[in-house]
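In: Below are the sequence and a predicted model; questions follow.
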Amino acid sequence: MTAEFSADLASWHYLYGKPDVTATIRSTPADFMVDEQLNFQPSGSGEHLLLQIEKRGQNTQYIARQLARLTGLRMRDISYAGLKDRHALTRQWFCFKWPIKQALDWQDWQIEDSRILQVVRHYRKLRLGALKANHFQLTLTDVSEPEAILERLQLIKNGVPNYYGEQRFGRAGGNLALADSLFAGERITDRQVRGLALSASRSYLFNTVLSQRIARGLFNQVLDGDILQLDGSGSIFQIETADSTLQQRLLDGDVHPTAPLVGLDGAQVSQQAEALEQEALAGHQQWCQGLVEYRLQGARRSIRLVPQHLNAAIKGNSITLNFALPAGCFATSVLRELASYRDGSRPLAELE
């Protein structure tokens, strides 16, 4: 089953055609650098401590467990804005409540392959998703045609498919196999594992609709009955009829088409857009119904991802890319349109 899902993940359509250029990512953790930008400024006072931590080769949950151990708090008392890859060098924020008058000797803490960059107080807890953007510095090595990458960058600046990245689905699509078992009636008692399965299945359905839209040449086309998202905002609105004004707004990057995050209720497309989505999801009705029964709230997500501040520098057969993406978007979805890459961290992952 996982082999079948793994093949599916590789079959989603490319917007600009599958790249001929080959490259390697994550030869070392420092080749994949991520820096979180919160969507607020810390207040400097309050009962909560925000810690910016740089970590190398460690995942988010590991750092949270170490903070719980060092503070004597429970794991659930440690919050963060988002999960970050293990095989990377990342700077991200953690938070916990700590009495104002109680000392905390964080300068003496030793956390493997990590260091605390700053600690600041804030008046409330850090919530999941409280990010404005993630800033990436990615180094591609063993690039077969560096100049071809630069040429392709000019296309990428106009946007790429906002696919959920392969890490959402687990190794060889393992999280999707779990979802398939769950929707077939098998119980998954571990809440975290069940959540991974539900999230992966919903992401898979989104990608399926997006891939269908590309296959039909409708990625940059407004459809009758579409639901559009305002650029830089979560605000969406439905249209009855596509017209030249809306089409120009799409081409200008002011609005983006959306695809469904299947679940209970949520905004529904109509007409031409509805027909496309129904056809794309026709073979996945058990999953769609399962997501409703598990009472996930339906939503919409932009199908277009436009990297911000995108630039690149060549050094020999390596290329360093810098760009920023909104929270919840995947750098690998940008890289997918640039090069046919091999992930250098995977041999290590197979040993874990």
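Out: Great, that's in hand. Numbering: from 1, shown residues only.

In: T258 belongs to a strand?
Out: Yes: secondary structure assignment places T258 in a strand (DSSP: H, G, I helix; E, B strand; the rest coil).

In: can you pull the contacts of it?
Out: T258 makes contact with D226, I227, L228, Q229, I236, R300, R301, S302, I303, according to C-beta atoms under 8 Å, 6 or more residues apart in numbering. C-betas here are computed from N, CA, C, even on glycine.

In: Apply 7 Å and report the result again.
Out: T258 makes contact with I227, L228, Q229, I236, R300, R301, S302, I303 under the criterion C-beta atoms under 7 Å, 6 or more residues apart in numbering.

In: what's the answer for V34, then?
Out: Taking C-beta under 7 Å, 6+ apart as the contact definition, V34 lies against K84, A88, T90, N134, F136.

In: if you set the cut-off to 10 Å instead, what comes out?
Out: When contacts are counted by C-beta atoms under 10 Å, 6 or more residues apart in numbering, V34 touches 82, 84-85, 88-92, 134-138, 325, 331.

In: Specify the local secondary structure of the closest residue to it other than its chain neighbours.
Out: When the adjacent residues along the chain are set aside, V34 lies closest to T90, with 4.4 Å between them (C-beta to C-beta, 6 or more residues apart in numbering). Secondary structure of T90, reduced to three states by three-state DSSP: strand.

In: Report the separation between T90 and R152.
Out: Per C-beta to C-beta, to the nearest Å, T90 is found 26 Å from R152.

In: you'd agree R342 is up against R26?
Out: Yes: contact status for R342 versus R26: in contact at 9.3 Å, counting by C-beta atoms under 10 Å.

In: Kindly indicate the member of the contacts of V34 with the most neighbours.
Out: Of all those, T90 has the most neighbours under the rule other C-beta atoms under 10 Å, reaching 26 neighbours.

In: which residues does that residue form a beta bridge with?
Out: Here T90 sits in beta bridges with V34, K55, going by DSSP bridges.

In: For this protein, identify the residue most remote from the centre.
Out: Summary for the chain: using C-alpha atoms, centre = their mean, the residue whose C-alpha lies farthest from the chain's mean C-alpha position is K101, with a distance of 38.3 Å.

In: now it: how far from R124?
Out: If you measure K101 against R124 using C-beta to C-beta, the figure is 19 Å.

In: Please apply the same query to P307.
Out: Computed as C-beta to C-beta, the P307 to R124 distance reads 31 Å.

In: If anything else comes up later, I'll come back, but that's it for now.
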